[in-house]
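Engineer: Fold the following.
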Amino acid sequence: WFILTQGLLYGIGNGIAFPAALSCAIRWIPHRKGLVSGIVTAGIGLSPLIIGPLQTLLVNPKNKPPTYEPFESSLPQEKYYDDREILANVPRLFQFQ
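Structural biologist: Below you'll find the model as predicted:
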């Protein structure tokens, strides 16, 4: 369910944010529509390169690996974080109890 929900919310959010940002940028600079749409598209496309490391820096600043294995015979190896320091940085919405 988590993957389905995340994919659905990402698709809705991207579908709302991208056209809004693009139309605002084109209205602000109507004589450079191609340049502006390219910059907006590149900004949205390259944002994971900034957000991923920033998220790691905020949630797991010491870059500790996950250690808890809920299933000993699971393939591929499934591991989770059980370190209190890392879990304290994760919003409660994303924590499964």
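Engineer: Could you pull up the residues touching the residue of the chain most remote from its centre?
Structural biologist: Going by CA atoms, centre = their mean, the residue of the chain most distant from its centre is His31, 33.2 Å out. Applying CB atoms under 8 Å, 6 or more residues apart in numbering to His31 gives no contacts. (Each C-beta comes from the backbone N, C-alpha and C, glycine too.)
Engineer: got the buried residues for the strand or helix carrying Ala21?
Structural biologist: Using DSSP states H and E, Ala21 falls within helix 2-28. Of the residues in helix 2-28, those buried under the neighbour-count criterion (16 or more other CB atoms under 10 Å) are 22, 25.
Engineer: coming back round to it: how much space separates the residue farthest from the centre of the chain from Ile50?
Structural biologist: Plainly put, His31 is 29 Å away from Ile50 if you go by CB to CB, to the nearest Å.
Engineer: all helices for the chain, in order.
Structural biologist: 2-28, 33-59, 84-87 (DSSP state H).
Engineer: Can you check which of those gets nearest to Pro65?
Structural biologist: helix 84-87 (10.4 Å; CB to CB).
Engineer: starting at the chain centroid, how far to that closest one?
Structural biologist: 19 Å (CA atoms, centre = their mean, to the nearest Å).
Engineer: Repeat that for stretch 9-29.
Structural biologist: The answer for stretch 9-29 is 17 Å, by CA atoms, centre = their mean.
Engineer: what do you get for stretch 39-54?
Structural biologist: 10 Å.
Engineer: if we can go back for a sec, any idea of the angle the helix holding Ala21 forms with helix 33-59?
Structural biologist: 140 degrees (axes from the mean of the first three to the mean of the last three CA atoms, to 10 degrees).
Engineer: for helix 2-28, packing partners?
Structural biologist: Applying 3 or more CB pairs under 8 Å, 6 or more residues apart in numbering; DSSP states H and E, one finds that helix 2-28 makes contact with helix 33-59.
Engineer: elements contacting the helix it packs on?
Structural biologist: The helices and strands touching helix 33-59, judged by 3+ CB pairs under 8 Å, 6+ apart, are helix 2-28.
Engineer: Just give the number of residues close to Leu87.
Structural biologist: Here the number of neighbours of Leu87 (other CB atoms under 10 Å) works out to 13.
Engineer: If anything else comes up later, I'll come back, but that's it for now.
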